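Participant: let me see the structure of the following:
(one chain, ligands or ions: 1)
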Amino acid sequence: MTPEEPLNIPLGVPTAARMYDEALGGKDHFEVDRAANAKLYDVIGENRVRSTALENRRFLGRAVQYLSRECGIRQFLDVGSGLPTARNTHQIAKEADPASRVVYVDIDPIVAVHGRALLADDTTRIVTADMRQPKTILDNPEVTDFLVFDEPLAVLFVAVFHFVTPAEDPQGIVAAFRERQAPGSYVAISHLTTDGMSEEEQQGWHAGFAGATVPLVLRSEPEIRGLFDGYRLVEPGVVRPCDWRPDEQDWPRTTSLFGGVARL
Ligand SMILES: C[S@@+](CC[C@H](N)C(=O)[O-])C[C@H]1O[C@@H](n2cnc3c(N)ncnc32)[C@H](O)[C@@H]1O
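Facilitator: Predicted coordinates for the structure are as follows:
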């Protein structure tokens with residue numbers, strides 16, 4: 001998005017970015033988003049939904065920590081990054097190396113509006129784009145002038161592929177990014193899952209997102225595992241996010257998601 005482009009912020013429809021912000025206890029959401037989350041809370045239970053969001057967010061933090069501290073990754077493409085909140089990708093990456101570069105990408109223009117004020121410095125960029133059209137990210141000069149694809153780079157797809165339908169070819173989308181990555185690069189993915197989720201809860205997730213700007217698709221564990229094709233999973237593989245290299249005892253544990261990190 002350039003300064004000349006209209007913002008096009010959908011005000012009358014819930015968006016995933018703002019709903020997630022509400023579930024995490026943030027402030028950047030509207031009445032429509034709170035109403036959509038109220039539907040989720042009614043069916044699934046408020047505690048479970050908020051715990052799912054938090055469990056996911058903590059997974060993102062540990063994945064970035066692992067990639068920056070243990071794998072030496074200094075470039076991150078955070079796709080479906082969401083609104084800025086506590087412990088954003090660049091803040092964690094910079095703990096390992098202040099020169100780490102991060103590009104945040106989100107379909108929702110509100111992310112760039114809030115992010116430019118809060119996140120942007122000369123090692124961080126924010127791009128408004130749709131990952132279902134990978135070239136709009138991979139051939140975007142904002143991205144290609146900033147990240148060096150010939151060197152190892154981590155692509156993060158954290159809690160975003162459940163907004164991509166089978167017809168939109170999720171594996172093809174991962175492959176488009178993978179084909180541009182250099183050896184030694186990584187991918188991190190987390191995803192809402194049907195495994196361990198009652199029929200009623202599945203219907204609750206669908207009902208909550210029914211009027212949102214992006215549809216919700218729940219996937220089974222093998223389908224989520226399939227998104228890592230072409231990479232080698234690092235330990236402990238595709239697991240509940242709370243079990244992925246845990247570093248605390250008392251954090252939210254749900255059976256709503258699977259997540260993992262893999263190397264090219
Ligand atoms: C649940 S939030 C996850 C935010 C962050 N990755 C995290 O895990 O904390 C999902 C984000 O993906 C974004 N999103 C959904 N579909 C997208 C698409 N096709 N392209 C880019 N971003 C998308 C939403 O706008 C939202 O901000």
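
Participant: looking at this, residue 13 is in a helix?
Facilitator: No. Counting by DSSP: H, G, I helix; E, B strand; the rest coil, residue 13 is not found in a helix; it is coil.

Participant: how about the residues of this structure that lie near the ligand?
Facilitator: When proximity is defined as CB under 6 Å from any ligand atom, the chain approaches the ligand at 15-17, 20, 56-57, 60, 80-82, 105-108, 111, 130-132, 158-160, 163, 214. C-betas here are computed from N, CA, C, even on glycine.

Participant: just the buried ones from the residues you listed?
Facilitator: 15-17, 20, 56-57, 60, 80-82, 105-108, 111, 131-132, 158-160, 163, 214 (16 or more other CB atoms under 10 Å).

Participant: let's verify residue 260: helix, strand, or coil?
Facilitator: State at residue 260, reduced to three classes by three-state DSSP: strand.

Participant: would you map the strands across the stretch 51-200 of the chain?
Facilitator: 75-79, 101-106, 124-128, 154-158, 186-192 (DSSP state E, counting those that start in this stretch).

Participant: give the bridge partners for the residue nearest the centre of the chain, please.
Facilitator: Closest to where the C-alpha atoms of the chain average out (CA atoms, centre = their mean) is residue 158, at 2.8 Å. Following DSSP bridges, residue 158 is listed with bridge partners residue 190.

Participant: mind listing what it touches?
Facilitator: 56, 59-60, 63, 78, 80, 188-190, 259 (CB atoms under 8 Å, 6 or more residues apart in numbering).

Participant: of these, which is the nearest to the ligand?
Facilitator: residue 80 (3.0 Å; CB to the nearest ligand atom).

Participant: pLDDT at the nearest residue to that closest one once chain neighbours are set aside, what is it?
Facilitator: Excluding the flanking residues, the one nearest residue 80 by CB to CB, 6 or more residues apart in numbering is residue 160, at 2.8 Å. For residue 160, the pLDDT comes out at 98.

Participant: report the inter-axis angle for the top helix by length along the chain versus strand 154-158.
Facilitator: Longest helix in the chain by number of residues, with DSSP state H as the criterion: helix 46-65. Orientation check (axes from the mean of the first three to the mean of the last three CA atoms, to 10 degrees): helix 46-65 against strand 154-158 gives 180 degrees.

Participant: doesn't residue 227 make contact with residue 170?
Facilitator: Yes. Applying CB atoms under 8 Å as the test, residue 170 and residue 227 come out as touching, 6.1 Å apart.

Participant: mind listing the shared neighbours of those two?
Facilitator: Joint contacts of residue 170 and residue 227 (CB under 8 Å, 6+ apart) are residue 161.

Participant: in the stretch 151-264 of the chain, which spans are helices?
Facilitator: 170-180, 199-208, 221-226 (DSSP state H, counting those that start in this stretch).

Participant: residue contacts, residue 145?
Facilitator: Neighbours of residue 145 in contact, by CB under 8 Å, 6+ apart: none.

Participant: return the distance of it relative to the ligand.
Facilitator: 20 Å (CB to the nearest ligand atom, to the nearest Å).

Participant: go on, residue 91?
Facilitator: 13 Å.

Participant: pull the number of nearby residues for that residue.
Facilitator: By other CB atoms under 10 Å, the residues close to residue 91 number 16.

Participant: could I get the pLDDT score of it?
Facilitator: Residue 91 is given a pLDDT of 93.

Participant: convert the C-alpha atoms of stretch 203-219 to PDB, please.
Facilitator: Taking Å, rounded to 0.1, in the frame of the first residue of the first chain, the C-alpha atoms of stretch 203-219 are listed here in PDB:
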ATOM      1  CA  GLN A 203     -19.600 -25.200  13.900                       C
ATOM      2  CA  GLY A 204     -18.900 -22.400  16.400                       C
ATOM      3  CA  TRP A 205     -15.600 -21.400  14.600                       C
ATOM      4  CA  HIS A 206     -17.400 -21.400  11.300                       C
ATOM      5  CA  ALA A 207     -20.400 -19.300  12.700                       C
ATOM      6  CA  GLY A 208     -18.000 -16.800  14.200                       C
ATOM      7  CA  PHE A 209     -16.300 -16.200  10.900                       C
ATOM      8  CA  ALA A 210     -19.400 -16.500   8.700                       C
ATOM      9  CA  GLY A 211     -19.700 -12.800   8.000                       C
ATOM     10  CA  ALA A 212     -15.900 -12.000   8.100                       C
ATOM     11  CA  THR A 213     -13.900 -10.700   5.200                       C
ATOM     12  CA  VAL A 214     -12.100 -14.100   4.900                       C
ATOM     13  CA  PRO A 215     -13.700 -17.500   5.300                       C
ATOM     14  CA  LEU A 216     -12.500 -20.000   7.900                       C
ATOM     15  CA  VAL A 217     -11.300 -23.500   7.000                       C
ATOM     16  CA  LEU A 218     -10.400 -26.100   9.600                       C
ATOM     17  CA  ARG A 219      -8.000 -28.800   8.600                       C
END
